[in-house]
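Asker: Let me see the structure of the following:
(chains A and B)
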Amino acid sequence: MDINVVQKALGDFTRKHRAAFSVIGERQSQLLELGAIVGVELHYRSNGYRSTVRSPQGAGTFVVKTSTRGHPSKYSSIVFEKDGAQIEAHMNLLVRSAQDDGIYCVDVGIVRPGVVPEKVNRKVKWSCIPNKSLLSLVEAKRLTIYPMLLAQFVGIVHEIKPRFLRNPIPKGFGRTLQLPPTLIALGPFSGNSKVIVDAYKARGITIWIAENFDVRLAAHRKGTARSPLYWDSAARSDTPLADNETESAFALQ
Amino acid sequence: MSLELVQEFAQQLPFRLREDVVGYARSVQAAVPDIFREAGITLDQRLAGQLVFVAGIKKLYAICSGTFWILDNSLHSLQHTQTYEVKIGSMRISRESREYEQLRDLLNDLDNTLAEQRLGEIVHVSSYTETLHWLRDGH
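Answerer: Sure thing, here's the model as predicted:
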């Protein structure tokens, strides 16, 4: 490899595609959050739920909620239905703490039906959903999975849905059921993070870690994974579409 | 030396992406002794420089590939709900939009550039010890 030749070729490449890199720079995190709610939709659909996108701008356009600001009725959400029961998924949803009066914003909130208003009520300021209405949550990070990220996520679950951190294990959550609190990351497990995750079950911790999410989404699309949030054994060895380094603790950010 | 070359090709990137690429290459540079030890190869500065340079390329590829495929897979998956476009802030992205084409062309062009430099294979190699062996074997 002639490093100088390669360096020049890549310099030309980055110069030529400045506009595309600008799009990535501006929207990468938001696209990952979009990928997260799509991952949730695919998970529920793979488990027999029927899904419908509810969109303020009518059918055809999914309006992404990109921050804590804005009334939720102005953004798209997904309604799931199975055997007459409904649940909903909302992006950047504000939810009351399980511990105090604090309010948190989760990247994707999976909630009971009807708790998120579908219209703005000018007489009543909407602030958040009650904690009991939140069934589960998803957080998305464009990072490798490292021990302190896991500790941070466990802390989030402790403040918002602590019943997932102790026995008895909440019923109805898992690979073929509803989604437990899930951390989605673009990167792989690094350092000793897999050891920590492997011990969760014995500790009565029911949270799910979906590393290499872009690879999972691609495996699902190829038909080698039932849900993009859970590996099927055949999908694990699939060709990665992005860096899936596993042996050293290299942060992706 | 090779970290400087990574900084040079990353110079045109927006600040945050530049920091991602250079920071990643720097973290690999810090792990070079461990990677050589794991690979059972005696530390060699020329090879170490190439490894750091390739780390920068791998991160650049991960950014381009990850972003495009998340978007493409999301658009594909939403189709069954008759959703063909996503609106993110003021930006509307569909398979026919300029932004989608830009991201697709970016990834295609990067694939071609790396193939011309005979580096197309290395961005998919999943471990740095394997990458090091690949570099040592004269690729």
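
Asker: State whether residue B:18 is indeed within a strand.
Answerer: No: according to DSSP: H, G, I helix; E, B strand; the rest coil, residue B:18 belongs to no strand; its state is helix.

Asker: Please look at it and residue B:9 and confirm they touch.
Answerer: No: with contact taken as CB atoms under 8 Å, residue B:18 and residue B:9 are classed as non-touching, separated by 9.9 Å. For the C-beta atoms, the positions are set from N, CA and C on the backbone; glycine is no exception.

Asker: Okay, strands next: where are they in chain B?
Answerer: B:85-88, B:91-94 (DSSP state E).

Asker: Check what contacts the last one and list those residues.
Answerer: The list of residues contacting strand B:91-94 from outside it, by CB atoms under 8 Å, 6 or more residues apart in numbering or on different chains, reads A:23, A:27, A:61, B:71, B:75, B:84-87, B:99-100.

Asker: Residue A:25 is in what secondary structure piece?
Answerer: Residue A:25 belongs to helix A:18-46 when assigned by DSSP states H and E.

Asker: quick one: that helix near chain B?
Answerer: Yes: against chain B, helix A:18-46 shows contacts by CB under 8 Å from any CB of the partner chain at A:18-28, A:30-32, A:34-35, A:38, A:41-42.

Asker: list the contacts for the nearest residue to residue A:59 once chain neighbours are set aside?
Answerer: Residue nearest to residue A:59 in three dimensions, not counting chain neighbours: residue B:82, with 5.4 Å by CB to CB, 6 or more residues apart in numbering or on different chains. Shown in contact with residue B:82 (CB under 8 Å, 6+ apart): A:53, A:59-60.

Asker: distance of residue B:82 from residue A:11?
Answerer: Using CB to CB, to the nearest Å, one gets 43 Å for the distance from residue B:82 to residue A:11.

Asker: Restricted to buried residues, select the residues of helix A:18-46 next to chain B in PyMOL.
Answerer: This is how PyMOL selects the buried members of the residues of helix A:18-46 next to chain B, with burial counted by 16 or more other CB atoms under 10 Å in any protein chain shown:
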select buried, chain A and resi 20+21+23+24+25+26+27+28+30+31+32+34+35+38+41+42
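
Asker: List the buried residues for the helix ranked longest in chain B?
Answerer: Taking DSSP state H as the criterion, chain B has its longest helix at helix B:45-78. Going by neighbour count (16+ other CB under 10 Å), the buried part of helix B:45-78 is B:47-75, B:77-78.

Asker: what stretches of the stretch 151-253 of chain A score poorly on pLDDT?
Answerer: Counting by pLDDT under 70, the stretch 151-253 of chain A contains low-confidence residues at A:222, A:232-253.

Asker: how about the helices in it?
Answerer: Secondary structure of the stretch 151-253 of chain A (DSSP state H, counting those that start in this stretch): helices at A:193-198, A:213-222.

Asker: what about the residue nearest the centre of chain A, distance to residue A:203?
Answerer: Centre of chain A computed as the mean C-alpha position; nearest residue by CA atoms, centre = their mean is residue A:36, 3.6 Å away. Applying CB to CB, the value for residue A:36 to residue A:203 is 25 Å.

Asker: before we move on, what about residue B:134?
Answerer: Counting by CB to CB - residue B:134 and residue A:203 are separated by 40 Å.

Asker: Specify which residue of those two has the higher count of neighbours.
Answerer: Using other CB atoms under 10 Å in any protein chain shown as the criterion, residue B:134 and residue A:203 rank with residue B:134 on top: 18 against 11.

Asker: nearest residue to the residue in chain A that chain B sits nearest to other than its sequence neighbours?
Answerer: Closest approach of chain A to chain B (CB to the nearest CB) occurs at residue A:25, with a separation of 3.3 Å. Using CB to CB, 6+ apart and skipping the chain neighbours, the partner closest in space to residue A:25 is residue B:14 (3.3 Å).
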